[in-house]
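Visitor: Sequence first, then the predicted structure:
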Amino acid sequence: MNPRVETTIEVLKLTFNDHITFQKICQFVEVIRNKPLIIEADAMPLGLTGYCIPLSDVDLICYRERSRDMDLLSQLHEIGHILLGHIDSPSNMPAYNNFIREKERIAHSPSVIKYRGMQFDDPEEHDAEALATLLLGLILHTESELSPVARELYGD
Ligand SMILES: [Zn+2]
């Protein structure tokens with residue numbers, strides 16, 4: 001496994017004391033990128049499950065809506081690209097409010113060409129997917145630990 005993937009997992013575990021949730025990962029991304037992270041469902045070409053665009057004022061992740069776990073994996077894959085340093089911050093990107101056309105989104109997306117599930121011979125795609133899979137496992141583990149407590153507190 002790429003050492004950067006392992007290091008990222010270790011840093012997140014240490015930062016969040018092993019209780020990793022999706023919300024905490026998003027907050028972590030916002031801190032390291034120093035801008036909000038916006039995640040939206042969006043229409044996209046067949047075969048594409050998500051993409052990430054570093055806009056001037058936010059990082060925008062779009063994903064194709066499927067099922068909850070599949071959506072989480074798509075979102076975590078794009079977050080993986082950010083955490084692994086695959087997403088630059090070009091100076092010429094528009095702000096979120098000026099960025100509405102789907103074609104423009106696609107044209108600006110660095111990861112759109114190398115989309116999930118199709119090009120795993122690309123090491124960046126492979127690493128993003130490996131990180132996403134590990135993170136999903138950690139999130140589901142946290143949820144499985146918390147749910148008995150939640151059930152006790154709020155259950156019938
Ligand atoms: Zn990707």
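Guide: Great, that's in hand. Everything numeric in this text was worked out from a predicted model, so none of it was measured.
Visitor: Can you find the helix or strand of this structure with the lowest average pLDDT?
Guide: The weakest-scoring helix or strand in the chain, judged by mean pLDDT, DSSP states H and E, is helix 102-108 (a mean of 62).
Visitor: That one: what's the following helix or strand?
Guide: helix 123-154 (DSSP states H and E).
Visitor: Against which helices or strands is that following helix packed?
Guide: If you count contacts as 3 or more Cβ pairs under 8 Å, 6 or more residues apart in numbering; DSSP states H and E, helix 123-154 packs onto helix 3-15, helix 22-33, helix 68-83. C-beta here means a position set from N, CA and C on the backbone, and glycine is covered the same way.
Visitor: now for those, which one comes closest to the ion?
Guide: helix 68-83 (5.5 Å; Cβ to the ion).
Visitor: Can you show me the CA trace of the closest one as CSV?
Guide: C-alpha atoms of helix 68-83 as CSV (Å, rounded to 0.1, in the frame of the first residue of the first chain):
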residue,chain,number,x,y,z
ARG,A,68,-26.1,5.3,1.0
ASP,A,69,-23.0,3.2,1.2
MET,A,70,-22.2,3.6,-2.5
ASP,A,71,-22.7,7.4,-2.2
LEU,A,72,-20.4,7.4,0.9
LEU,A,73,-17.8,5.5,-1.0
SER,A,74,-18.0,7.9,-4.0
GLN,A,75,-17.7,10.9,-1.7
LEU,A,76,-14.8,9.3,0.2
HIS,A,77,-13.0,8.5,-3.0
GLU,A,78,-13.0,12.2,-4.0
ILE,A,79,-12.1,13.2,-0.4
GLY,A,80,-9.3,10.7,-0.8
HIS,A,81,-7.9,12.6,-3.8
ILE,A,82,-7.8,15.8,-1.6
LEU,A,83,-6.2,14.1,1.4
